[in-house]
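1. Attaching a predicted model along with its sequence, questions to come.
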Amino acid sequence: GPAALASPIIMIGSQTSRLEQARRAVEDDCLTAPFDGAVTSLTAVPGQTVGTGPIIRIASTQDLLARIYLDETDADKATLGNRVHLTLDAYPDLLLEGEIVIVEPALDFVDGTPVVVIWVDLPDTPEVAVLPGMTVEAEVVADEALGALLVPIQALHELDAGSHAVFVVQEDGTLLLTPVTPGLRDY
């Protein structure tokens, strides 16, 4: 205050030192999150002694990612950039499309089953509120063929190694064995 200006300079110096020590003590006691977000859980109260366990949870509501578990037999589909169709349980009629941005380098285990963990970016959805922790169903698009003819796998007959055919019903009801070149297949 104004009285400090009338004090000898030596007195101001010692007070400045105490002020700096107090500022550093406050700064050292301050927790700073590594990202912007909202506190979603706080399990400690002022003055409480805490251990090494988590006491605060902060969630970001921007640039959200979905953590997806793929069976290890589908590891070939865990490719950066692959598109993923996402449906949130909270909004079953809303289909979102993201892409794989992270593939973890080691298998993880869920209920004893080995899985590949992938992270998918969630698009911004101004029409609905997507909250951290929501459940999502995902379908990885490993490959696609547009404008292709679909036939049941049971209708495909292997004539020789690499040679396939299907029976085509003719106008008179007879079947004609017709060679085909199969493209993408699944079960």
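-> Cool, the structure landed. Numbering: from 1, shown residues only.

2. hey, which helix or strand in the protein has the poorest pLDDT?
-> helix 2-6 (a mean of 65; mean pLDDT, DSSP states H and E).

3. What's the first helix or strand after it?
-> Going down the chain from helix 2-6, the next helix or strand is helix 9-28, by DSSP states H and E.

4. so which strand or helix has the spatially most central residue of the chain?
-> The chain has Ala66 as the residue nearest its centroid, 2.2 Å off, counting by C-alpha atoms, centre = their mean. Under the criterion of DSSP H and E, Ala66 resides in strand 65-71.

5. The longest strand seen in the chain packs against which elements?
-> The longest strand of the chain (DSSP state E) is strand 91-103. In terms of contacts (3 or more C-beta pairs under 8 Å, 6 or more residues apart in numbering; DSSP states H and E), strand 91-103 is packed against strand 65-71, strand 83-88, strand 113-121. Where you see a C-beta, it was placed from the backbone N, CA and C, and this is true even at glycine.

6. Residues contacting stretch 87-104, please?
-> By C-beta atoms under 8 Å, 6 or more residues apart in numbering, the list of residues contacting stretch 87-104 from outside reads 65-66, 78-86, 116-123, 125, 127-128, 130, 134-138, 140.
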